[in-house]
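Peer 1: Okay, sequence plus prediction incoming.
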Amino acid sequence: MAKSTAEQWEVVTKKKKATNGPEKKQSKKAAPINPLLDQKAPVEESTSVFAQFREHLERKEQRKQKSHDHKAPNSPQKHKSPKHDKNSANGGPKHNTPLKKNQPPKTLDNALGQLHTSDITLMVASLRQKFPNMPSLWLKDVASFLSCKLNVPDCHPACFNKHHNFPLTAVTDTVMLKCVTDVIHECPPTALELVFQYCINEMIADKKLAASYGYRILIQLMAREAPTLIKSQLYNKYSEMLRHHQSHPDKFLTIMWAISQFAYQDFTSGLQVWFTLLLPLLSSSEYGHFSIIFLENLFKYHDRKLPSRNAINHTEFFSVFDKVHPSSVNNLDPSVHRRLVALYPKIKKLAFTTQPETTLRYFFPTFLDRYHKSAPEGQKAELTLCLEQCLITDLTCHHTWVQLYASRLQQSTQLLHHLHDNWARLSHKMGVNRIHKTVQCFEEIQVSNKVKQSSNYRAACLACQDILEEYKEPPYPWHRLVYLCVFVVLALVAGDLLLHGGYQQSLIYTKLQSTGVTHRLMYITELGANYTQQAYSWTAANCPGYVKHAYDTTAPYVKHGYTVSEGYVLHAYAVCLPYITETWAVSQPYLVRGYTVCEGWVRQGYIASQPLLHRLQAGIGTALETGMKYTEPQRQYLNTNIPVWMDWCQAQGGAVLSAVWRTVLVFYTAAVYYTLIVWAYILELSLVAGTWLQENVFKGSLSPDNLQKGMASTWHLLLEYSSAVREWCISTMTTMKQ
């Protein structure tokens, strides 16, 4: 013990410069026995149990590589590059073949192609066995596994220029999706919410946001299966998370993308997300485009199933109204503002709902508050249209206006002036009596001292007086009186004809004959027949010559135009034929495939409907038999009594039919007689009018020769323009084809 102590003191104090050789050897041999803890790396922390599977896969690959090396022949390598020799000399990597074989995929499609369904199913089965009743842990490991397998360059954090269901649309393996969906169904909502937060934290943990496709796919599956998962925590937890990361655009857009996946599944929840989180960001240069793109996709995805009520309240609507029609300087980006203006009509329609007659009363006070003279022109025009719609559609708005008249005197005066300026258009839509009652209520309010003290009192009084001057009592219904008189006259004439058995025996004919009206009518009829005959004779004599002259004049131009247009058509056909052929060649496989699919559907539907058709046929036969059985007494009664009724109708209806026939014959005879007389007068008058036109109108500049020259010059001008257009079209199409 003393010796060892002396040796230790000698080492510490370094009294001896050298030690014996055996002692050096003994120290060298004893040194490796002492444990050196610093040589081992610290134990890595693992967020999941997937590290065990990864080590298992690595060991499996190493065993495969060793077996491959043992099976390789031990022949000397004759062909080695200088670079390979250099690496071998330095102890570098010698197995180049496995590196080429295990190269990571470069695109998402390639990574999904290398992903096997058995890996997911085996991993889920192992997790079920090791960690039962812990579906949240299973989902976390599935997300980590997918992210490791889909380790490809990530897209934009918000997936711009992609479908809103990307990257889930790229997954075509339905078995894998069903396996993950079954695990999601086993999770309670609280566990799913924790998994959703875990996926978000993992995506934003790395600043480069690499390998996030697995988390994105799992988030989209959870959104599809549980669309209302984040609705309860939207205002507190996720709003705070977004405010915390607002200075980091990539992380902010990643979180917003994850929230938007749940919003796309339910339109009402999507609008709530947009109004709560994204509407305040429209004026931001970094997040404004994402906000408007989200709203566009939301309307595009739910265009055919928009809700009819309670989608947007009036507070949310006016927040959008202020962005679309700002009162001061517009802080939005021009492109964002333009796209928001395009979506404004849909937002307005949703806010007014499908029953505006019961909802516009809540919007009218705010519209009236903003209706100032100093408002911008665009905002004022939109406010005017909205106020008109409120007063026309919802009758309660008139009562609301009366209540707000004293406190909104300036705005009410401006609205009254607008009604007066557009009285002809708005009075019938709003109702004259309703407007009159409203203005009378305004005059009663103006009597109060409160309104008299206002600076706009005089202008309001003048506006009310202008409206009252436009008001008139409802016009007398003359059209109804005319209809009544015509009906009475026709009834009297018909009764007279039926009572006296004909027109010549009736009192009307006697009165007209005695007063001379009949002779005067006959004279007018003969005169009209004479003029009509003259017009007909002149037309028969002169029209063939005019027609032949017009044909001879216009035939060459028409033929030339036909030739030119035929050339245009042939050239257009020759140019468009390759494009039509190519389009047909491309679309033909899709048409054939669609026809095959539809034929299969029709065949399946026919096969499936055969039992139903047989049952329907049997049911109809049973129903007919039952009906015939229960209606036998009624059918016997009808068969017995119908011949009796027919005989009675024939006996009683003969006199009535003969009287009606005589009346119709009398009317027909009179109509034919007077029609011939009127026709003769029309012919005579036409002849006189044609002669007068030929002598007084068609001469000078309107002569046939001058008209022909004008038509010829016009036709030449049209030919010049058409040739110029044809040359331009040919040159343009040639350039496009090149």
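Peer 2: In hand now; what should we look at?

Peer 1: rest of the way, CA atoms for contacts and neighbours
Peer 2: OK.

Peer 1: can you count the residues close to Thr553?
Peer 2: Other residues near Thr553 come to 15 when the count uses other C-alpha atoms under 10 Å.

Peer 1: what residues are up against it?
Peer 2: Counting by C-alpha atoms under 8 Å, 6 or more residues apart in numbering, Thr553 touches Gln708.

Peer 1: In which helix or strand does it reside?
Peer 2: Using DSSP states H and E, Thr553 maps to helix 517-630.

Peer 1: Rounded mean pLDDT for the helix or strand just after that helix, please.
Peer 2: Elements were assigned by DSSP H and E; along the chain past helix 517-630, the next helix or strand is helix 632-696. Mean pLDDT, computed over helix 632-696, is 75.

Peer 1: Can you find the helix or strand in the protein with the smallest mean pLDDT?
Peer 2: Ranked by mean pLDDT, DSSP states H and E, the helix or strand of the chain with the weakest confidence is helix 82-89, at a mean of 38.

Peer 1: Distance check, Asn133 against Lys140.
Peer 2: From Asn133 across to Lys140, the span is 14 Å (C-alpha to C-alpha, to the nearest Å).

Peer 1: Please identify which of the two sits among more neighbours.
Peer 2: Neighbour comparison, Asn133 and Lys140: the larger count goes to Lys140, with 22 against 13 (by other C-alpha under 10 Å).

Peer 1: Compute the distance between the more buried one and Asp303, please.
Peer 2: 35 Å.

Peer 1: Same question for Pro167.
Peer 2: Taking C-alpha to C-alpha as the criterion, Pro167 is separated from Asp303 by 22 Å.

Peer 1: Thr532 too?
Peer 2: Thr532 sits 64 Å away from Asp303, going by C-alpha to C-alpha.

Peer 1: Might you report the residue contacts of Gln261?
Peer 2: When the contact criterion is C-alpha under 8 Å, 6+ apart, the partners of Gln261 are His164, Asn165, Ile219, Gln220, Ala223.

Peer 1: Out of those residues, flag the one nearest to Leu391.
Peer 2: Leu391 has its nearest neighbour among the contacts of Gln261 in His164, at 40.8 Å by C-alpha to C-alpha.

Peer 1: Which strand or helix spans Glu705?
Peer 2: For residue 705 the amino acid is Asp, not Glu. With the criterion set as DSSP H and E, the secondary-structure element containing Asp705 is helix 704-737.

Peer 1: Go through that helix and flag the buried ones.
Peer 2: Going by neighbour count (16 or more other C-alpha atoms under 10 Å), the buried part of helix 704-737 is Gln708, Leu719, Arg726.

Peer 1: Once you drop chain neighbours, what's closest to the first one?
Peer 2: If I follow you right, that is Gln708. Computed as C-alpha to C-alpha, 6 or more residues apart in numbering, the closest residue to Gln708 that is not its neighbour in sequence is Thr553, at 7.7 Å.

Peer 1: any idea how far that neighbour lies from Asn542?
Peer 2: Taking C-alpha to C-alpha as the measure, Thr553 falls 17 Å from Asn542.

Peer 1: Could you do His560 as well?
Peer 2: For His560, the distance to Asn542 - C-alpha to C-alpha - is 28 Å.

Peer 1: related to what we said a few turns ago, for the helix holding Asp705, enumerate the helices and strands it packs against.
Peer 2: helix 517-630 (3 or more C-alpha pairs under 8 Å, 6 or more residues apart in numbering; DSSP states H and E).

Peer 1: what's the angle between the helix it packs on and helix 632-696?
Peer 2: Using axes from the mean of the first three to the mean of the last three C-alpha atoms, to 10 degrees, the direction of helix 517-630 lies 150 degrees away from that of helix 632-696.

Peer 1: how distant is helix 517-630 from the center of its chain?
Peer 2: A distance of 33 Å separates the centroid of the chain from that of helix 517-630, by C-alpha atoms, centre = their mean, to the nearest Å.

Peer 1: and the angle for it with helix 704-737?
Peer 2: Taking the same axes, to 10 degrees, helix 517-630 and helix 704-737 form an angle of 40 degrees between their directions.

Peer 1: Tell me how many other residues crowd Met134.
Peer 2: The local packing of Met134 (other C-alpha under 10 Å) involves 14 other residues.

Peer 1: list the contacts for it?
Peer 2: Neighbouring residues of Met134 by C-alpha under 8 Å, 6+ apart: Arg128.

Peer 1: Please report how far it lies from Met241.
Peer 2: For Met134, the distance to Met241 (C-alpha to C-alpha) stands at 27 Å.

Peer 1: Have a look at Pro167 and Asp303 and say which one is more surrounded.
Peer 2: Pro167 (18 against 12).

Peer 1: The more buried one reaches Tyr213, doesn't it?
Peer 2: Yes. Taking C-alpha atoms under 8 Å as the definition, Pro167 is a contact partner of Tyr213 at 7.0 Å.

Peer 1: what residue ranges in the stretch 301-450 of the chain score low on pLDDT?
Peer 2: Along the stretch 301-450 of the chain, the parts satisfying pLDDT under 70 run over 304-310, 329, 448-450.

Peer 1: before we move on, what about the stretch 51-200 of the chain?
Peer 2: When the per-residue scores of the stretch 51-200 of the chain are filtered using pLDDT under 70, the ranges that remain are 51-106, 153-154, 156-158, 160-164.

Peer 1: which strands and helices sit next to the helix or strand Leu497 falls within?
Peer 2: Leu497 is located in helix 478-500, with elements delineated by DSSP H and E. On a contact count with 3+ C-alpha pairs under 8 Å, 6+ apart, helix 478-500 meets helix 507-515.
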